[in-house]
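Novice: Got a sequence here, can you model it:
(chains A, B, C and D)
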Protein chains: 2
Amino acid sequence: MDSTTHPTPARLRVLPSWVINQAAIAANRLTDRALAGTSSRRQFAMLSALDEFGPSSQADLGRCTGIDRSDVVTGVNAMVEQGFLQQRPDPADGRRNIVTLTPAGKDHLERLSALIADAQNELLRALSPSESKMIVDLLNRVLDSG
Amino acid sequence: MDSTTHPTPARLRVLPSWVINQAAIAANRLTDRALAGTSSRRQFAMLSALDEFGPSSQADLGRCTGIDRSDVVTGVNAMVEQGFLQQRPDPADGRRNIVTLTPAGKDHLERLSALIADAQNELLRALSPSESKMIVDLLNRVLDSG
DNA sequence: ACCGATTGTTGGTGTCACCATCAATCTTGT
DNA sequence: ACAAGATTGATGGTGACACCAACAATCGGT
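Specialist: Residues are numbered from 1 along each chain as shown, chains lettered A, B, ... in the order given. Okay, here's the model as predicted:
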């Protein structure tokens, strides 16, 4: 094998799960670098959900973002401490905490959104807009089938 | 928010890096379960490379599979102990170990390949064959651009 | 009132990608 | 030939992540 070239084995290049995983590694590396020093990807997902759906319990927050309840706790605590979220007990259900996005949290979300948008462009710079859309649509169908 | 439904925020469903990552989570979960008790995904990748390219140094093995040198060490050690790989010093370069796939390793690779193939079908059961191919092709272009 | 399910929370597990460092060895530029 | 720099295998470590088990408190249905 030539040390200067690094061809990928055909078995892997043709394997959907491998290709998807490698793409995720690249995507996460780019977004993590874009978000460095601000927030985590998980926190961005939670902010997005609260912005779109309004105040929510932590369990619902976890369900719609695919994040485990226990991991939601960590993220919520951190963002409450940063002033991005407000946490109050649900008067109608003693088990739940209702989590609300604060104005500072909304501002933060928009900041993160801009940083992440740049990362998307870099990630998909080999694809046309319609190809990018196609990838997103196809993968969403994969996700909906699971 | 309705507790019984879990819609994904539009900000996330439209975000390539998020969709790709969620697909990778599903893909890895399926392949890890399929491979449970046999080998890791990393080891499968190394076996694939050795099968296709023949004997190789550990550094080259890592380069063509995208695995860090330090992680290659762990995988190689495990598979040498299992009899799937043979490790000998490179007579032409005192720094290198040359790693070779044994017949038992080749058999093992084919076993793993069958297990992984099943996982692919489950992962992509919502897509037609041509759509599956399209996703793989598009993602490979993304990977080649990085 | 009881039973099962749900909620927030704690703690923990294993994997993964990645980094820094090291001694040994090779390659190069002069 | 020799110094300087790069490469190799290897060790150890880090942080993020996905996931799981358990718990007390609380709710819902019957």
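
Novice: Any stretches of chain A with poor pLDDT?
Specialist: Scanning chain A for pLDDT under 70 picks out A:1-5.

Novice: Would you tell me which strand is longest in it?
Specialist: The single longest strand within chain A, with elements called by DSSP state E, is strand A:93-101.

Novice: Determine if any part of that one is in contact with DNA strand C.
Specialist: Yes - using CB under 7 Å from any atom of the strand, strand A:93-101 reaches DNA strand C at A:Arg95, A:Arg96, A:Asn97. Bear in mind the C-beta positions are built from the backbone N, C-alpha and C, glycine included.

Novice: For the last one, which residues count as its bridge partners?
Specialist: According to DSSP bridges, the residues that bridge with A:Asn97 are A:Pro89.

Novice: any chance of the residues of strand A:93-101 next to DNA strand C in a markdown table, plus neighbour count?
Specialist: Output for the residues of strand A:93-101 next to DNA strand C, formatted as a markdown table (neighbours: other CB atoms under 10 Å in any protein chain shown):
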| residue | neighbour count |
| --- | --- |
| A:Arg95 | 8 |
| A:Arg96 | 17 |
| A:Asn97 | 18 |
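
Novice: and after the longest strand of chain A, which helix or strand comes next?
Specialist: Next in sequence after strand A:93-101, counting helices and strands by DSSP states H and E, comes helix A:103-123.

Novice: got the angle between that following helix and strand A:93-101?
Specialist: 70 degrees (axes from the mean of the first three to the mean of the last three CA atoms, to 10 degrees).

Novice: Buried residues of helix A:103-123, list them for me.
Specialist: Across helix A:103-123, burial judged by 16 or more other CB atoms under 10 Å in any protein chain shown covers A:Gly105, A:His108, A:Leu109, A:Leu112, A:Leu115, A:Ile116, A:Ala119, A:Gln120, A:Leu123.

Novice: Please export the C-alpha coordinates of that helix as CSV.
Specialist: Provided in CSV are the C-alpha atoms of helix A:103-123 (Å, rounded to 0.1, in the frame of the first residue of the first chain):
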residue,chain,number,x,y,z
PRO,A,103,-35.2,36.5,25.8
ALA,A,104,-31.5,36.0,26.4
GLY,A,105,-31.9,32.4,25.5
LYS,A,106,-33.6,33.3,22.2
ASP,A,107,-30.8,35.7,21.4
HIS,A,108,-28.3,33.0,22.2
LEU,A,109,-30.2,30.6,19.9
GLU,A,110,-29.9,32.9,17.0
ARG,A,111,-26.2,33.4,17.6
LEU,A,112,-25.7,29.6,17.6
SER,A,113,-27.9,29.3,14.5
ALA,A,114,-25.6,31.6,12.6
LEU,A,115,-22.5,29.7,13.6
ILE,A,116,-24.0,26.4,12.7
ALA,A,117,-25.2,27.7,9.3
ASP,A,118,-21.6,28.4,8.4
ALA,A,119,-20.6,24.9,9.3
GLN,A,120,-23.3,23.5,7.0
ASN,A,121,-21.9,25.4,4.1
GLU,A,122,-18.5,24.0,4.7
LEU,A,123,-19.8,20.5,5.2
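
Novice: Distance from that helix to the middle of the chain?
Specialist: Computed by CA atoms, centre = their mean, to the nearest Å, the chain-centroid distance of helix A:103-123 equals 11 Å.

Novice: who touches the following helix or strand past it?
Specialist: Counting by DSSP H and E, the element after helix A:103-123 in chain order, helix or strand, is helix A:129-144. By CB atoms under 8 Å, 6 or more residues apart in numbering or on different chains, the surrounding residues in contact with helix A:129-144 are A:20, A:124, A:127, B:13-14, B:16, B:19-20, B:22-23, B:26, B:123-124, B:126-127, B:131, B:134-135, B:138-139, B:142.

Novice: Quick one, which of those residues are buried?
Specialist: Neighbour counting over those (16+ other CB under 10 Å) leaves A:20, A:124, A:127, B:13, B:16, B:19-20, B:22-23, B:26, B:123-124, B:127, B:131, B:134-135, B:138-139, B:142 as the buried ones.

Novice: how about CSV for the residues of strand A:93-101 next to DNA strand C, with distance to A:Thr31 added?
Specialist: Converted to CSV, the residues of strand A:93-101 next to DNA strand C look like this (distance: CB to CB, whole Å):
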residue, distance to A:Thr31
A:Arg95, 33
A:Arg96, 30
A:Asn97, 28
